[in-house]
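Participant: no sequence for this one, just the structure:
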């Protein structure tokens, strides 16, 4: 098992998620996004494993 934690910076989230920073910030303010990791006084990131689990929880199966 790989114990290495990969951190995604806030500025990388739009590319990873296909959402705007504004949408991500709204989700964060409502408590509907993964917890942040403080990297420094003014730097935050998010654990990739948390982001991947969040994506998996939002996937919906649609029937056509």
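Facilitator: Happy to help now that I have it. Quick caveat, the model's predicted, so the values are computed rather than measured.
Participant: so which strand or helix has residue 16?
Facilitator: helix 13-17 (DSSP states H and E).
Participant: got the buried residues for that helix?
Facilitator: Buried residues in helix 13-17, counting neighbours by 16 or more other C-beta atoms under 10 Å, are found at 13, 17. No exception for glycine: its C-beta is placed from N, CA and C like everyone else's.
Participant: That helix - what's its average pLDDT?
Facilitator: The average pLDDT within helix 13-17 is 93.
Participant: List the contacts of residue 50.
Facilitator: Applying C-beta atoms under 8 Å, 6 or more residues apart in numbering to residue 50 gives the contacts 34-35.
Participant: again, only this time at 10 Å
Facilitator: 5, 8, 33-37 (C-beta atoms under 10 Å, 6 or more residues apart in numbering).
Participant: List of residues touching stretch 36-44?
Facilitator: 5, 7-10, 28, 35, 45-47, 50.
Participant: and residue 40, backbone torsions?
Facilitator: phi -170, psi -170 (degrees, to the nearest 10).
Participant: go on, the one 4 residues further on?
Facilitator: When read as degrees, to the nearest 10, the backbone of residue 44 gives phi -130, psi 160.
Participant: Spatially nearest residue to it (excluding sequence neighbours)?
Facilitator: Excluding the flanking residues, the one nearest residue 44 by C-beta to C-beta, 6 or more residues apart in numbering is residue 36, at 4.4 Å.
Participant: Counting neighbours, what do you get for that neighbour?
Facilitator: By other C-beta atoms under 10 Å, 13 other residues sit near residue 36.
Participant: Distance check, it against residue 27.
Facilitator: Between residue 36 and residue 27 the distance is 12 Å, computed by C-beta to C-beta, to the nearest Å.
Participant: Show me what residue 40 is bridged to.
Facilitator: Counting by DSSP bridges, residue 40 forms beta bridges with residue 43.
Participant: what distance separates the top helix by length along the chain from the centre of its chain?
Facilitator: Longest helix of the chain, by residue count under DSSP state H: helix 48-58. Helix 48-58 sits 7 Å away from the centroid of its parent chain (C-alpha atoms, centre = their mean, to the nearest Å).
Participant: in the protein, which segments are predicted with low confidence?
Facilitator: In the predicted model of the chain, residues 1-3, 61-64 satisfy pLDDT under 70.
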